[in-house]
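Engineer: fold the stuff below for me.
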Amino acid sequence: MSTTTHADVLILGGGLVGATLALALAKHGLTGVVVDPADPAVTLAPGFDGRASAIASASGRMLEAIGLGARLAGLGQPIASIRVSDGLAPGRLDFTPDADDGALGVMYENRALRRAIHAAMGEAGVDLRMRTAAVAVERGEHGVTATLDDGAVVRAPLLVAAEGRNSPTRAAAGINVARWKYDDAAIVGAFHHARPHEGVAYEIFYPAGPFALLPLVGDADGHRSAIVWTVAARDAAGMLKLSDRAFLHEAEKRMGGLLGALSGASPRVSWPLGFHLASRITAERLALVGDAAHGIHPIAGQGLNLGLRDVAALTEVLVEGKRTGLDLGDAALLARYQRWRALDTGAIAAATDGLARLFGIPGRTASAVRRLGLAAVNAVDPLKRAFMAEARGEAGELPALLRGALV
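Structural biologist: So this is what the prediction gives:
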């Protein structure tokens with residue numbers, strides 16, 4: 001006999017964005033059921049799987065506000081500054097905040113984030129259904145009903161799709177998506193290096209794509225950094241097949257000796273790069289968050305942060321709606337979420353796409369123009385501060401959580 005669970009929100013997808021949303025809602029007294037087909041033995045296993053993320057300072061304040069501060073203490077490497085250059089040619093752009101402004105963000109291994117969030121979800125009593133999928137979902141005038149593959153039924157006034165870029169829920173809702181491929185792939189991993197990184201993140205642009213070095217917390221074997229290396233899609237398989245020694249040799253050449261000799265390569269993963277942006281992020285009793293709503297080039301490390309900003313805005317809209325007695329699937333609430341996120345998401349998506357195309361133009365003339373532009377930005381302090389505000393996630397109208405406060 002099937003069981004029926006009633007909740008405030010049904011979340012399909014328990015990755016970093018979906019899980020953070022469930023925790024944020026629970027922190028405000030809203031109940032959620034999270035359904036995710038992933039195996040926790042894989043996603044929460046100890047050890048580094050090659051993936052790491054830069055959590056912008058505003059996003060970090062939200063994680064602190066929803067109770068993750070103690071769990072993440074000591075696991076992240078603060079980003080003290082960002083250095084941007086066109087290849088290894090002279091001339092660069094340095095983003096270094098004032099001493100009293102704090103770090104630009106913090107680098108975490110993705111698995112450390114997942115483990116901390118899932119532990120906090122358990123403590124908060126979030127109803128998490130792993131290794132489970134929804135086989136039928138009905139959205140109607142009076143609510144959402146989902147039948148799971150174990151026969152259980154979940155009813156809620158609102159469905160949130162956090163299933164990633166190929167969201168079946170988004171497709172079923174008939175939401176159009178603008179998308180294209182870059183014919184590039186990202187190689188992601190980490191390694192040790194001889195020289196300390198001093199909390200500096202490097203973004204080195206080559207015609208084939210950006211080469212990012214991101215500082216990680218060191219371990220018993222020494223200094224560590226993560227890498228996001230954009231290569232032509234046709235070269236990705238060959239890069240993964242390289243021996244660790246050959247891979248590190250190629251990486252050292254791209255770095256120009258910035259961090260000294262490299263060693264101890266982590267597992268490497270690769271994925272094709274593309275752009276997608278949903279024409280709308282709401283439908284009847286439905287909200288999209290994270291990659292279900294948007295997917296951008298990793299050129300500025302803003303992908304996960306965009307999803308966390310979705311979480312902060314949607315949480316505020318739903319919490320305030322609950323307090324005023326509104327149905328959480330009310331069209332007016334969803335319209336507010338749509339308006340709040342549209343401008344920020346569109347601006348970041350357009351900016352990252354433009355940067356990827358601009359720095360991908362080959363030739364000495366294009367490189368000289370880019371270096372001139374970097375030097376100009378470096379010389380104009382208000383412009384640099386505007387860029388740093390975007391990097392921190394502090395531009396525009398911030399939800400309470402991104403300011404470090406509960407709603």
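Engineer: what about S279, neighbour count?
Structural biologist: Counted with other Cβ atoms under 10 Å, the neighbours of S279 add up to 8. No exception for glycine: its C-beta is placed from N, CA and C like everyone else's.
Engineer: give the contact list for it.
Structural biologist: Applying Cβ atoms under 8 Å, 6 or more residues apart in numbering to S279 gives the contacts 175-178.
Engineer: drop anything exposed from the residues you listed.
Structural biologist: Buried subset of the contacts of S279 (neighbour count, 16 or more other Cβ atoms under 10 Å): 175, 177.
Engineer: farthest pair within the contacts of S279?
Structural biologist: I175 and A178 (11.0 Å; Cβ to Cβ).
Engineer: rewinding a little: can I get the contacts of S279 in JSON lines including distance to A162?
Structural biologist: As requested, the contacts of S279 are arranged in JSON lines below (distance: Cβ to Cβ, whole Å):
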{"residue": "I175", "distance to A162": "14"}
{"residue": "N176", "distance to A162": "19"}
{"residue": "V177", "distance to A162": "16"}
{"residue": "A178", "distance to A162": "20"}
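Engineer: narrow the contacts of S279 to those in strands?
Structural biologist: Using DSSP state E, 177-178 are the members of the contacts of S279 that sit in strands.
Engineer: so where's the chain uncertain?
Structural biologist: Scanning the chain for pLDDT under 70 picks out 1-2, 90-92, 300, 354-391.
Engineer: okay, which residue is most central for it?
Structural biologist: In the chain, the residue lying closest to the centroid (Cα atoms, centre = their mean) is L304, at 0.9 Å.
Engineer: looks like it contacts G60 (just checking).
Structural biologist: No. Between L304 and G60 there is no contact under Cβ atoms under 8 Å: 11.7 Å.
Engineer: is the residue nearest to the centre of the chain in a helix, a strand, or coil?
Structural biologist: Following DSSP: H, G, I helix; E, B strand; the rest coil, L304 is assigned to helix.
Engineer: state the helix or strand in which the nearest residue to it once chain neighbours are set aside lies.
Structural biologist: Closest residue to L304 apart from its sequence neighbours, by Cβ to Cβ, 6 or more residues apart in numbering: S53 at 4.8 Å. Under the criterion of DSSP states H and E, S53 resides in strand 52-56.
Engineer: list of residues touching that strand?
Structural biologist: Strand 52-56 is contacted from outside by 16, 63, 76, 79, 104-110, 113, 188, 190, 201, 214, 216, 226, 301-302, 304-305, 308, 391-393, using Cβ under 8 Å, 6+ apart.
Engineer: parallel or antiparallel, which strands does that strand pair with?
Structural biologist: Strand 52-56 has its sheet partners listed here by DSSP bridges as strand 105-109 (antiparallel).
Engineer: any idea how far the partner strand is from the chain center?
Structural biologist: Centroid separation between strand 105-109 and its chain, computed with Cα atoms, centre = their mean, to the nearest Å, is 11 Å.
Engineer: name the residues that touch it?
Structural biologist: By Cβ under 8 Å, 6+ apart, strand 105-109 touches 48-49, 51-57, 59-60, 72, 75-79, 201, 214-217, 226, 391-392.
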